[in-house]
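Peer 1: Below are the sequence and a predicted model for it; my questions follow.
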Amino acid sequence: MYGFFDELAETWLKPAQPNLTSLTLHADVLWGYIPECDLRSVHFPNLRKLELGLYTFSHDWQLDWICSHTTLQVLIMDRCSIVSYAQAYG
């Protein structure tokens, strides 16, 4: 799963940037923070609907990324969570 999120933006999303109007991203485990999914390198100028499932918000830039899509009309967040504090060991 970690490898998928490493390649998601570059391999799957960037080629669709100009034409994508609806994007649904769900996983069967929490994702976004661990495994990390950084979508800052992609922007969808025609995005009207965004659906995230089990996505974890952990950084301000994640909300900024969503808000940067000014054409967005529908936002669905299914069982998403917010990390307010994290401590790494090791």
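Peer 2: Sure, I can see it.
Peer 1: can you map out the helices along this structure?
Peer 2: Along the chain, the stretches classed as helices by DSSP state H are 2-7, 60-67.
Peer 1: tell me which residues in the longest one are buried?
Peer 2: Of the residues in helix 60-67, 62, 65-66 count as buried by neighbour count, 16 or more other Cβ atoms under 10 Å. For every residue, glycine as well, the C-beta is placed using N, CA and C.
Peer 1: how about it as CSV, C-alpha atoms only?
Peer 2: Taking Å, rounded to 0.1, in the frame of the first residue of the first chain, the C-alpha atoms of helix 60-67 are listed here in CSV:
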residue,chain,number,x,y,z
ASP,A,60,-2.7,22.5,7.1
TRP,A,61,-1.7,22.1,3.4
GLN,A,62,-4.2,19.2,3.0
LEU,A,63,-7.1,21.6,3.7
ASP,A,64,-5.5,24.3,1.6
TRP,A,65,-5.2,21.8,-1.3
ILE,A,66,-8.9,21.0,-1.1
CYS,A,67,-9.8,24.8,-0.9
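Peer 1: Could you measure from the residue positioned nearest the centre of the chain over to residue 25?
Peer 2: Centroid-nearest residue in the chain: residue 39, 5.8 Å away (criterion: Cα atoms, centre = their mean). Per Cβ to Cβ, to the nearest Å, residue 39 is found 9 Å from residue 25.
Peer 1: same check, this time on residue 57
Peer 2: Applying Cβ to Cβ to residue 57 and residue 25 gives a distance of 13 Å.
Peer 1: sorry, back to before: select, out of the helices of the chain, the one closest to residue 89.
Peer 2: Residue 89 lies closest to helix 2-7 among the helices of the chain, at 18.7 Å (Cβ to Cβ).
Peer 1: Fine, thanks again, bye for now.
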